[in-house]
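K.L.:
turn this into a structure:
(one chain, ligands or ions: 2)
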Amino acid sequence: MAGNITFTMIKPKAMANGHMGNILSKIIEGGFKIKAMKLTRLTKEQAMEFYAVHKERPFYNGLTDFMSSGPIIAAVLEKENAVQAYRDYIGATNPAEAAEGTIRALYGTDIEANAVHGSDSDENAVIESSFFFAKREWV
Ligand code: ATP
Ligand code: MG
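P.N.:
Ligands and ions are numbered 1, 2, ... in the order given. Predicted structure coming up:
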């Protein structure tokens with residue numbers, strides 16, 4: 001059965017470009033309920049831990065430099081079938097290929113700085129939410 005929780009981050013470049021408010025509005029308009037949220041910042045080591053599944057990929061070092069380069073928003077979102085619903089809502093990884101009107105099409109600038117993160121499975125949604133929040137904050 002699909003879970004009802006996903007985890008998102010607004011990435012540093014979207015924050016620096018002033019899109020925080022618009023992206024949060026869009027998330028809420030999409031029917032996602034914000035269960036927990038914080039403005040925070042990752043160290044390089046924390047970014048490496050968060051993205052450890054990608055450690056063999058050529059973009060790992062650049063991605064973790066980027067993700068630790070400035071403030072981010074981390075949030076736990078709730079909706080029916082949240083993981084897939086949110087991935088559909090944010091659009092393809094590469095903003096140039098993301099469907100019109102999706103968050104990445106609107107606010108992403110390139111494949112790395114693609115505005116937002118979205119969990120890829122129910123299991124990872126829990127792992128990623130727990131990376132940033134105490135259980136009492138989102139369960
Ligand atoms: P996310 O996990 O951030 O929601 P995703 O599941 O669409 O995105 P992944 O394959 O998990 O994509 O990649 C994680 C992140 O790594 C991407 O969001 C993007 O920032 C970065 N990334 C992916 N592919 C590339 C690439 N070819 N070059 C640079 N960065 C990349
Ligand atoms: Mg992913």
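
K.L.:
which bits of the chain sit near ligand 1?
P.N.:
Residues of the chain lying close to ligand 1 by C-beta under 6 Å from any ligand atom are Phe59, Leu63, Thr93, Ile111, Glu112, Asn114, His117, Gly118, Asp120. Yep, even glycine has a C-beta here, placed from its N, CA and C like the rest.

K.L.:
in strands only, show me those.
P.N.:
His117, Gly118 (DSSP state E).

K.L.:
could the residues of the chain next to ligand 1 be laid out in TSV, adding neighbour count and pLDDT?
P.N.:
Converted to TSV, the residues of the chain next to ligand 1 look like this (neighbours: other C-beta atoms under 10 Å; pLDDT from 0 to 100):
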residue	neighbour count	pLDDT
Phe59	12	97
Leu63	20	98
Thr93	14	98
Ile111	15	97
Glu112	16	97
Asn114	24	98
His117	20	98
Gly118	25	98
Asp120	14	97
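
K.L.:
between the residues of the chain next to ligand 1, which is closest to Met20?
P.N.:
His117 (14.2 Å; C-beta to C-beta).

K.L.:
pull the contacting residues for that closest one.
P.N.:
By C-beta atoms under 8 Å, 6 or more residues apart in numbering, the contact set of His117 is Phe7, Thr8, Met9, Lys11.

K.L.:
which residues sit against the helix or strand harbouring the third one?
P.N.:
The one in question is Met9. Here Met9 is covered by strand 5-10, with elements defined by DSSP states H and E. Here strand 5-10 makes contact (C-beta under 8 Å, 6+ apart) with 19-20, 23-24, 27, 32, 35, 67, 72-79, 82-83, 85-86, 90, 115-119, 122, 124-126, 128-129, 132, 138.
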